[in-house]
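[1] model the structure of this input:
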Amino acid sequence: MTKRDYYTRDDTYGEAHILRCIATHDGYFDSELDATLFHPQGGGQPADKGWIGNVPVLSVFNDGETVWHRTSEPVATGPVAIRVDSELRALHARWHSAGHLIGYAGELHGWQPVKAHHWPGEGRITFTGNSVGAAPDASLIEAQISAWIEGSLPRKIEFIDGKREVRFGELPAYGCGGTHSQTTGEIGHVTLTSVKMKKGQLVVSYTLS
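    Below you'll find the predicted structure:
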């Protein structure tokens, strides 16, 4: 079981112990750490990248309660310094946080977010549940999101019954294991590139400045 320090810390540099390093069938190496600052791919968010010692981390993924760190060369077991690419982390956090704001805005129009994809250049949120069935005006959603960003609402993280919940200011909390900007002001300008209905669902695509 990997201790997921990224749940409670924004640090991108720390120390860990490598418990094992296993060669894969396709020439890579997967390492298990006792604790990690690296966010694995999941929850609609791409994985962090960075370094274990001086070895680049190519991808990070979940397997049950273990977080695996893939490299192109083996790393020795024992204590090691780990470093997350801080610029990439901040980028992913901005896209993920923007997705939360779009989710909040959709709820104001009676839609319920059910699926999210926060990858840079591919951002989209899927909603369901509005009895009217008409797509809201994109400009109204953008205006609401811009107001929240200009308000620089602080991120808040709580653990309720063992589940991690994330909110901005006094907006509703979402159960979420991803990384997020510390305030909405860090997100930057959000532009909705498409707001359309598809098979009874509302799909909102977005990009960041």
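
[2] quick one: low-confidence ranges for the protein?
    Applying pLDDT under 70 to the chain flags residues 131-133.

[3] outline the domain layout of it.
    3-84, 88-208 (automatic domain parsing).

[4] got these as CSV, with mean neighbour count columns?
    All C-beta spots, glycine's among them, are computed from the backbone N, C-alpha and C. Converted to CSV, these look like this (neighbours: other C-beta atoms under 10 Å):
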stretch, mean neighbour count
domain 3-84, 16
domain 88-208, 17
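
[5] how about the helices in the protein?
    Applying DSSP state H to the chain gives helices spanning 86-108, 138-150.

[6] centroid residue for the chain?
    residue 178 (3.7 Å; C-alpha atoms, centre = their mean).

[7] hang on, the earlier thing: pipe the helices of the chain into a markdown table and attach distance to residue 206 per row.
    Listed next are these as a markdown table, based on distance: least, C-beta to C-beta, whole Å:
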| stretch | distance to residue 206 |
| --- | --- |
| helix 86-108 | 6 |
| helix 138-150 | 9 |
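
[8] right, and these - which one's nearest residue 159?
    Taking C-beta to C-beta, helix 86-108 is the member of those nearest to residue 159, at 17.7 Å.

[9] which strands and helices sit next to that closest one?
    On a contact count with 3 or more C-beta pairs under 8 Å, 6 or more residues apart in numbering; DSSP states H and E, helix 86-108 meets strand 112-117, strand 123-128, helix 138-150, strand 163-168, strand 190-198, strand 201-208.
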